[in-house]
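> Quick one, fold the following:
(2 chains)
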Amino acid sequence: MSGSPYAPHTDAETAAMLETIGVESEESLFDIPEAVAFDGEFGIDARTERGIRDECARMFARNDDATEFLGRGHYSHYVPSVVDHLSDRAEFLTSYTQYQPEISQGFLQALFEYQSMLVELTGLPVANCSMYDAATALSEAATLADRVRSTTGDVVLVPEHLREGKRAVLENYCAGADLTVEAYSMDDGIADVDALADRVGDDVVMVYAENPTLRGCIEENLDAIGEVADDNDALFTLGSDVVALSVLEEPASAGVDVVVGEAGALGLPTSYGMGLGVFACREEHLRQVPGRLVGASEDAEGDRAFTLTLQTREQHIRKERATSNICTNQAWVALRAAIHAAWLGPDGLVDLANDCVRDAAALADRIDDLSGAAAPVHDRHHFREFAVRTDQPAAAVADDLEKTGFLVHVVGEHLLQVCVTDHNAGRADDLVAAFGEVI
Amino acid sequence: MIHDQADYTREEESVHEPLLSEKGEETVDVREKSPLSDDLIREELTLPAPSEPEIARHYTRLSQMNWAIDSGPYPLGSCTMKYNPKFTEDVAADPNAAVHPDRPDRAVQGNLELQYRLQEFLADVGGMDAVTLQPPAGAAGEFTGILIAKAYHEHHGNDRSEVVIPASAHGTNFATAATAGYDVVELPSGEDGRVDLEALEAAVGDDTAALMLTNPNTVGLFERDITEIAEIVHDAGGLLYYDGANLNALLGRGRPGDMGFDVMHYNVHKTFATPHGGGGPGAGPVGVTEELAEFLPSPRVRETNGEKGYERFEPDESIGKVHGFEGNWLVLIKTYAYIARLGDEGLADAAAKAVLNANYLAERIDLEVPYGPFHHEFAATAGERDAADVAKRMLDFGVHPPTTKWPEMVPEAMLTEPTEIEGQSSLDDLAEAFDLAYADVDEALETAPNRTAAARIDQVGAARNPRLSWQALEDE
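Got it, this is the predicted structure:
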């Protein structure tokens, strides 16, 4: 094969087109000075479709065939077939940002519906149509706090238990806004509100909490955290995910100003950490929102129609004064999450979330019954995941579990973390048996 | 002529699909069902509860109201709307690749191998020494690259405060520099549409951290003085950043690394044909020279010493992370599959045909193209006409119009990028759509479009009275 399989030109066509242009060869259309032109080879051999499918299948088969009880920010729930089949429709998958709304009504409406779902789940009136992931959404909340808070402060307060990678992303965005990130301590898996209250002052622009927390605990002090933030004129940002939000306390009623987190818990299978960042906030921050917003309007016939709106916030218009540099986002993943949510309906969402509570409690109890392990470590309600204290070093236990085909997190010298969802609950008996053998 | 002159009186009833919420919502009493105490949970949840057949019809209907590459020409300038090969979807859907990012290296060798191989592919294509796959989009790639430049300067004890950006650059460049905490110095375009060396000399200095450059630039012109540009920036102690939005024009004929660029991002959803998905997900890997490799995000992937395999590691002076995990993994798989499918010759041919198509189309249309010689895209001018109106009229002729009114250096710009996927007859149709719209009477332009699901949409009204959810509509 010599050319791109996706360029349809015959030699005759190419010749005719060159003649129309008035040049001899394709080569002569390039205006690259010789000094910087590339005439070497990459050394990439073209393969057939079938060859690549085989090659990649062989590569991926080298991933161990293991059952994951892993979470800590990346969650897997069963994704119904209807999500793949509808989202894979080429009209969705092969379109781009809806710069011409008159021929993009379908995607715009789907994103409008996605925004609406987040409005219901968060209780906040404004939700954008996606950020990259929970970490970047949190980071954008911090820069929003910096813009909207009139305090002279520059501190973003985050929980002591915060995923390292998430904090690392946050630090990068904060550095550009001259913000510093500091942690407040946890009390048995949830926020230590007294410690937080002692720390918050004029210098704090944002208080961040998570529900559930990184250890899987359901936060019991949301209202109190909200009061502390409010008393000190700090923005209150909450991290969560769309399944947890289906049953946990509505953020708006706890005084939350911005909700960030993961919507990829719906619509995305386990995907090596690929995400869908949630961003929802109060009306007063509408013009400071990062990313794309879909709004309802009317067309010239007076019929309801949808369009991207408030674009003067965005980089292609406002340049260095934009609310964010984001352009391409996770629109198609948002479509998938919306389809998944529609398929579940409110009943299915609540059932799924309740199972996250019940299954975690049940599995923790069974592990707790084994000698050599105690679970859950924190005396709290849990959502999907919980910590396990092991008598033996946790790393050794995890290694032994891996040999029996199970993967869990090591989070401390004698601490493991186990995450159970509908994705792996069917293997919970086997995990307990394996635990029993290795501890 | 396949396009009859479209009538500019509306022929069809406008097309309409009710919102899911209008098809019926249900309220669930959460307190009744939850095992948790009332103070931890919400009272109720109200959302649509359609049946699966209703869902299938709803989204199928919506899809039918959406233009896409598979619908027809989509020559949106600077966005590079290539055909997305179907087989890459199947490669990415392999359940064995669907693993958690916290797996230990030994349990995820397959993913690490693909990441490693893709890093190598991209390094070769860009002429770079080291690559990270973590940034989840082009703008995230820019942010990563500028953070690397910042870390490099700080590491060498230099406190530099400015990033220089040509006026014609993508808006993301400016926003990225600001997000990273830099002041932006805007470089006016030279008379020939390229960087003006004198202006550049005047703009750079001790405060310059980097120059961000797109090459070919946003009207398709190659920066012929790139060697001099690199020298000026490097002499001032700054770094040269390559915005990869237009790399697709250079494949196999020019590499940023050979032109003096120190750091670059790749837009895989442009150059390597991964689906745009209605606005993402894309991916924006970043390549750097050896000198900057130690600043790349963590983790990177390398071959293990001794035993055969791959491992993750943290570069010595890493900037940390720009995505919570490993970036947009499913997109990266599709990138690998596309590059492997084309190989050296296919990639070079893709660039050649993209440039051929742009030049042919420009030759065929009646609109003037003020700047050249251009490569994969050109900025035509609608002259006395409103480019946005001409674009709306083009919708009636069955094509997606170009990017309009940008870049600003071309008055009433119509930035057009047909990519390599269109053949001659398709380009002829596209040219006809251009010319018919451009030549049409004022009334037709102002009332267009007439053959679309919606008539012209009131964007000003949408912004003046923001209604961003079905709840907002219900409250009215």
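> Name all residues that make contact with the closest residue to residue A:214 other than its chain neighbours.
Distances taken as Cβ to Cβ, 6 or more residues apart in numbering or on different chains place residue A:161 nearest to residue A:214, at 4.2 Å, with adjacent residues excluded. The way it works is simple: take the backbone N, C-alpha and C, and place the C-beta from them, glycine included. By Cβ atoms under 8 Å, 6 or more residues apart in numbering or on different chains, the contact set of residue A:161 is A:186, A:189, A:213, A:214, A:215.
> who does residue B:413 bridge with?
residue B:381 (DSSP bridges).
> Next, work out how far apart it and chain A are.
13 Å (Cβ to the nearest Cβ, to the nearest Å).
> quick one, what contacts that residue?
Residue B:413 neighbours (Cβ under 8 Å, 6+ apart): B:379, B:380, B:381, B:382, B:387, B:403, B:404, B:405, B:406, B:407.
> repeat that with 7 Å
Going by Cβ atoms under 7 Å, 6 or more residues apart in numbering or on different chains, residue B:413 touches B:379, B:381, B:387, B:404, B:405, B:406, B:407.
> Surely residue B:221 touches residue B:376?
No: the criterion here is Cβ atoms under 7 Å, and residue B:221 misses it with residue B:376 at 11.0 Å.
> about what we covered before: could you dump the contacts of residue A:161 into a markdown table with secondary structure added?
Converted to a markdown table, the contacts of residue A:161 look like this (DSSP: H, G, I helix; E, B strand; the rest coil):
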| residue | secondary structure |
| --- | --- |
| A:186 | strand |
| A:189 | coil |
| A:213 | coil |
| A:214 | coil |
| A:215 | coil |
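> Would you format these as CSV with pLDDT and neighbour count included?
Shown next, in CSV, are those (pLDDT from 0 to 100; neighbours: other Cβ atoms under 10 Å in any protein chain shown):
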residue, pLDDT, neighbour count
A:186, 97, 20
A:189, 97, 24
A:213, 98, 24
A:214, 98, 23
A:215, 98, 24
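> For chain A, state which of the contacts of residue B:413 is nearest.
Each of the contacts of residue B:413 was scored against chain A by Cβ to the nearest Cβ, and residue B:406 proved nearest at 7.5 Å.
> Name the strands paired with the lengthiest strand in chain B and say parallel or antiparallel.
Looking across chain B with DSSP state E, the single longest strand is strand B:208-214. Strand pairing for strand B:208-214, using DSSP bridges, gives strand B:162-166 (parallel), strand B:239-243 (parallel).
> For the chain, give me the ranges with low pLDDT.
Let's take chain A. By pLDDT under 70, the low-scoring segments of chain A are A:1-2, A:151.
> nope, chain B
B:1-15.
> Give the closest residue to residue A:86 in space, chain neighbours not counted.
Residue A:86 sits nearest to residue B:59 (Cβ to Cβ, 6+ apart), 4.3 Å away.
> let me redo that: residue A:238
Using Cβ to Cβ, 6+ apart, the nearest residue to residue A:238 is residue A:256, at 4.5 Å.
> Give the burial count for that neighbour, as a bare number.
For residue A:256, the tally of surrounding residues (other Cβ atoms under 10 Å in any protein chain shown) stands at 28.
> Let me know whether my guess that it is in a helix holds.
No: Residue A:256: not assigned to a helix; according to three-state DSSP it is coil.
> Next up, the contacts around whichever residue of the stretch 151-300 of chain A sits closest to chain B.
Per Cβ to the nearest Cβ, residue A:273 is where the stretch 151-300 of chain A lies closest to chain B, at 2.2 Å. Neighbouring residues of residue A:273 by Cβ under 7 Å, 6+ apart: A:74, B:101, B:324, B:325, B:326, B:329.
> ok, the last one to chain A distance?
If I follow you right, that is residue B:329. 4 Å.
> was I right about that residue contacting residue A:275?
No: counting by Cβ under 7 Å, residue A:275 is not a contact partner of residue B:329; they are 10.0 Å apart.
> Those two: which is more packed in?
Neighbour count, other Cβ under 10 Å: between residue B:329 and residue A:275, residue A:275 has more, with 33 against 25.
> and the residue of the stretch 151-300 of chain A closest to chain B, helix, strand or coil?
Assignment for residue A:273 (three-state DSSP): coil.
> Phi and psi next, for the residue nearest to residue A:238.
When read as degrees, to the nearest 10, the backbone of residue A:256 gives phi -70, psi 140.
> That one reaches residue A:226, doesn't it?
Yes: counting by Cβ under 7 Å, residue A:226 is a contact partner of residue A:256 at 6.4 Å.
> what do these two both touch?
residue A:236.
> give me the residue from chain B nearest chain A.
Closest point on chain B to chain A, by Cβ to the nearest Cβ, is residue B:325, at 2.2 Å.
> Doesn't that residue belong to a strand?
No: under three-state DSSP, residue B:325 sits outside any strand and is assigned coil.
> Report the contact partners of it.
A:74, A:165, A:272, A:273, B:101.
> Leaving out sequence neighbours, find the closest residue to the third one.
In space, and not counting its chain neighbours, residue A:272 is closest to residue B:329: 3.8 Å by Cβ to Cβ, 6+ apart.
> Distance-wise, check the one you found relative to residue A:82.
To residue A:82, residue B:329 is 23 Å away according to Cβ to Cβ, to the nearest Å.
> Pop out the phi and psi values for residue B:367.
Phi and psi for residue B:367, reported as degrees, to the nearest 10, are phi -70, psi 150.
> Give me the neighbour count for it.
Neighbours around residue B:367, by other Cβ under 10 Å: 23.
> residue contacts, it?
So residue B:367 contacts B:380, B:381, B:382, B:414, B:434, B:438 (Cβ under 7 Å, 6+ apart).
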